[in-house]
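# Give the three-dimensional model of this entry:
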Amino acid sequence: MMRRFFPRPLLSLTVLLLWVVITNAASLGLLLFGGLLALAVPLVTRPFWPDPPRLVRPWPALRFLGIFALDIVTANWRVARLVIGPLHRLSPAFVEVPLDLRDPFVATLLASVVSLTPGTVSIDVDRQRWILLVHALDAPDPQALVREIKDRYEKPLKEIFAC
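This next block holds a predicted model:
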């Protein structure tokens, strides 16, 4: 019953909070209208939301989040040293990472993880060839980067979502 009226509770809460911030007022009428918007937006946009794959293995997901958080911290230090140091030592490259997974949601999640890690940014997910195009700030060995992305990120995501 609740799922019928609140298909996306986080989206509803976000819409309500944004409405309060945008209007910069807290009258009863504005709050009621914001609540109406918070109910209506998820209901109206429901057909456009894809069904995300079910999280099959929660413990590997927690381990993945820990590894990802550690990678963000270490990559920040590595990128800071690269940028502060002599720029002629950088080896920027575009790298094509062949994907073993075939779920569009998980492929997009992988692209987001790669982009959130400093020093790399996802350019495109080609769903015809299932290739992730990545730009790396410093990739002296592009194949090593491909192996790292596949081993550290793609493999755990495949395990977590069983795809």
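# Pop the domain breakdown of this structure in here.
Following automatic domain parsing, one finds the domains of the chain at 2-48, 58-161.
# Next, the distance between the ends of the shortest one.
Using Cα to Cα, to the nearest Å, the end-to-end distance of domain 2-48 comes to 20 Å.
# quick one on the thing from earlier: go through the domains of the chain and pick out the most buried.
domain 58-161 (a mean of 15; mean count of other Cβ atoms under 10 Å). Placement of C-beta: from N, CA and C, glycine included.
# Low-confidence stretches in the chain?
Across the chain, the ranges flagged by pLDDT under 70 are 1.
# switch to 90 and redo it
Low-confidence segments of the chain (pLDDT under 90): 1-11, 24-27, 30-31, 43, 45-58, 82-83, 85-89, 105, 162-163.
# residue nearest the centroid of it?
In the chain, the centroid-proximal residue (Cα atoms, centre = their mean) is Ser112; its distance is 3.4 Å.
# Contacts only, for that residue.
Ser122 (Cβ atoms under 8 Å, 6 or more residues apart in numbering).
# What helix or strand is it located in?
helix 104-116 (DSSP states H and E).
# Show me the strands in the protein, by range?
Assigned by DSSP state E, the strands in the chain fall at 93-98, 120-126, 131-136.
# and Lys150, which of those is closest to it?
strand 93-98 (6.7 Å; Cβ to Cβ).
# Which residues outside that closest one are in contact with it?
With Cβ under 8 Å, 6+ apart, strand 93-98 has contacts from 123, 129-136, 139, 142, 145-146, 149-150, 154.
# all helices for this protein, in order.
2-5, 9-23, 28-45, 58-84, 104-116, 142-149, 155-161 (DSSP state H).
# I'd like the ones you listed as TSV, with distance to Leu90 appended.
Supplementary listing: those in TSV, determined by distance: least, Cβ to Cβ, whole Å:
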stretch	distance to Leu90
helix 2-5	50
helix 9-23	38
helix 28-45	42
helix 58-84	6
helix 104-116	18
helix 142-149	14
helix 155-161	28
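# Ok, which of these comes nearest Pro52?
helix 104-116 (5.2 Å).
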